[in-house]
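**Student:** Predicted structure and sequence below. I'll ask about it afterward.
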Amino acid sequence: MIKFDYTDLMEEALELYKNDPELMGSKTAVAKWLHHRDSLECSLNAFRVRVNYHINRKIADKEIVIENVKLAKGKQKNQDINRIERKSFREYAREENAVAALGAALLEQHKKYAEHLKNLYITPLIKSNLRRGVGVVQLTDLHGNELVDLPHNKYDFIVLSKRLKLYINECLFYFKAKKVEKICLLVTGDLLNSDRRLDELLNQATNRAKASLLMEHLLTQAILELRDSGLPVTIVSVLGNESRMGKEMTFSKAGLSDNYDFVIMANIKKAFELAKIKGITWGTIDQVEETITIDGLKWLIAHDLSRFTDTQQKNQQAVGRYSLQGEQIDFMVAGHIHATNIQGNSARSSSMTGSNSFNEIALNLAGKAQHNCYTCQDGKITTTVIDLQNTDGIDGYHIIKELEEYNAKSVGKLHQKKTVFEIVV
């Protein structure tokens with residue numbers, strides 16, 4: 001029996017079987033074509049068997065390789081999943097073991113601590129060398145002469161007298177608790193409301209000449225009540241923008257001092273001097289901004305037209321401006337924007353007016369009558385926000401009836417309150 005070996009034709013037969021357009025997919029056709037082309041000596045049937053065997057083996061080898069690759073990928077995937085799951089379990093087990101160990105240790109310590117707890121005595125903090133410090137009153141944005149007639153807020157001179165009285169008494173309450181030895185009154189502008197816009201003209205309680213006299217009368221009573229506490233009072237005042245007499249907005253001392261804030265405070269000062277009122281010291285009353293040392297700390301007071309009490313960044317810009325002029329600012333207080341804002345080195349007090357049509361409709365902001373008071377003791381400044389919105393049952397300062405024209409109705413009489421759900425503490 002003759003054995004034929006056509007190894008060199010087998011690879012060509014595989015290529016024809018895989019790629020030739022006419023022979024592709026037919027092992028018999030490939031064998032016939034090669035047998036005829038090369039006039040092979042072996043029989044066609046023997047050559048066809050050889051070609052068929054070779055192609056089948058090669059295809060089978062490739063399929064085996066592909067399947068092996070699939071199996072290897074699957075195995076690797078399972079190994080990765082198992083590794084991740086084992087890692088997650090190890091981490092979870094470690095955390096659970098750590099928490100359990102922590103709990104056991106805490107329990108043991110609590111048992112030991114409980115033995116000593118019944119014998120624990122807290123001694124009060126007593127510092128014999130603690131300075132009694134200064135209580136600081138800040139009056140800002142009183143907007144005397146503004147008439148607010150909203151369902152949820154009323155404001156005129158009657159309401160102003162009540163809120164002012166409430167504020168002064170709350171300040172004195174805190175000062176007594178803190179045992180301060182001096183009082184500083186800071187007036188940061190806008191004692192009267194503007195009358196340059198139509199809306200302001202329509203919402204004023206009286207003319208500004210009468211309003212300035214009324215403001216003098218109310219502030220005189222507030223200052224005397226502070227003085228009557230038995231503590232010496234120092235007064236410093238700066239100028240606001242709404243109280244200016246002219247229409248033009250100026251930032252210079254000479255220009256902005258044409259201002260009802262200056263007139264009101266100057267008249268009060270002169271009246272006190274003529275009456276020889278004791279226990280009151282006056283600082284400047286005609287500055288746009290002023291610095292004052294309170295209990296060893298340098299305070300910057302301003303109405304704050306530059307809005308340096310808005311953010312910490314603006315705070316630090318103001319501190320930097322004064323630092324370049326040789327003054328180190330420790331704390332700053334202001335008003336202008338009728339919203340309380342207390343930060344690390346500054347405090348903005350809200351208005352005594354509370355909410356009005358402008359801030360609600362033009363700015364879409366809700367307002368509330370609030371004022372800040374401060375204590376400065378041993379290098380520490382504490383700011384307290386006093387809520388002045390509700391003055392029901394408060395008897396305000398005396399009002400000169402000949403000067404006061406309008407009386408806003410009590411908001412309590414306008415609302416019929418229906419309680420759906422109420423939490424009482």
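**Tutor:** Now that the structure is in, tell me what you want to look at.
**Student:** Pretty sure residue 356 sits against residue 366.
**Tutor:** No - using CB atoms under 8 Å, residue 356 makes no contact with residue 366, being 10.8 Å away. Backbone N, C-alpha and C define where each C-beta goes, glycine included.
**Student:** Just want to know which of those two has more residues nearby.
**Tutor:** Per other CB atoms under 10 Å, whichever of residue 356 and residue 366 has more neighbours is residue 356, with 23 against 12.
**Student:** in the sheet, who's paired with the residue nearest to the more buried one when sequence neighbours are not counted?
**Tutor:** Closest residue in space to residue 356, ignoring its immediate chain neighbours: residue 148 at 4.9 Å, by CB to CB, 6 or more residues apart in numbering. Counting by DSSP bridges, residue 148 forms beta bridges with residue 155.
**Student:** Equivalent analysis for residue 347, please.
**Tutor:** residue 333, residue 342.
**Student:** neighbours of it, just the number please.
**Tutor:** By other CB under 10 Å, neighbour count at residue 347 equals 23.
**Student:** Roughly how far does residue 337 sit from residue 343?
**Tutor:** 13 Å (CB to CB, to the nearest Å).
**Student:** Touching both of these two, which residues are there?
**Tutor:** Residues touching both residue 337 and residue 343 (CB atoms under 8 Å, 6 or more residues apart in numbering) are residue 309.
**Student:** any low-confidence regions in the stretch 101-250 of the chain?
**Tutor:** 126-131, 194-208, 245-250 (pLDDT under 70).
**Student:** Please enumerate the strands of it.
**Tutor:** 134-139, 148-150, 153-155, 182-187, 233-237 (DSSP state E, counting those that start in this stretch).
**Student:** could I get the ones you listed as a markdown table with distance to residue 373?
**Tutor:** Shown next, in a markdown table, are these (distance: least, CB to CB, whole Å):
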| stretch | distance to residue 373 |
| --- | --- |
| strand 134-139 | 6 |
| strand 148-150 | 23 |
| strand 153-155 | 21 |
| strand 182-187 | 10 |
| strand 233-237 | 14 |
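**Student:** Looking at those strands, which one is packed in the most?
**Tutor:** strand 134-139 (a mean of 26; mean count of other CB atoms under 10 Å).
**Student:** got the CA positions of that one in CSV?
**Tutor:** Extracted C-alpha coordinates of strand 134-139, given in CSV (Å, rounded to 0.1, in the frame of the first residue of the first chain):
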residue,chain,number,x,y,z
VAL,A,134,-18.5,97.1,78.8
GLY,A,135,-22.1,96.6,77.6
VAL,A,136,-22.6,97.9,74.1
VAL,A,137,-26.0,99.1,72.8
GLN,A,138,-26.4,99.5,69.0
LEU,A,139,-29.2,101.6,67.6
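**Student:** Show me what that strand pairs with in its sheet, parallel or antiparallel.
**Tutor:** Short version: by DSSP bridges, strand 134-139 pairs with strand 182-187 (parallel), strand 370-377 (antiparallel).
**Student:** Pipe these into JSON lines and attach distance to residue 144 per row.
**Tutor:** Putting those into JSON lines (distance: least, CB to CB, whole Å) gives the following:
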{"stretch": "strand 182-187", "distance to residue 144": "12"}
{"stretch": "strand 370-377", "distance to residue 144": "15"}
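**Student:** show me what contacts the residue nearest to residue 356?
**Tutor:** With CB under 8 Å, 6+ apart, residue 148 has these contacts: 154-156, 203, 353-357, 408.
**Student:** Same check on residue 33?
**Tutor:** Contacts of residue 33 by CB under 8 Å, 6+ apart are 16, 23.
**Student:** element containing it?
**Tutor:** Using DSSP states H and E, residue 33 sits in helix 27-38.
**Student:** Identify each buried residue in that helix, please.
**Tutor:** 27, 29-35 (16 or more other CB atoms under 10 Å).
**Student:** Stretch 99-119 too?
**Tutor:** Of the residues in stretch 99-119, none is buried (16+ other CB under 10 Å).
**Student:** Okay, the residue nearest to residue 356 and residue 371: tell me how far apart.
**Tutor:** 17 Å.
**Student:** Quick one: list the elements packing against the lengthiest helix in the chain.
**Tutor:** When the chain is parsed with DSSP state H, its longest helix is helix 44-117. Applying 3 or more CB pairs under 8 Å, 6 or more residues apart in numbering; DSSP states H and E, we find helix 44-117 packed against helix 7-19, helix 27-38.
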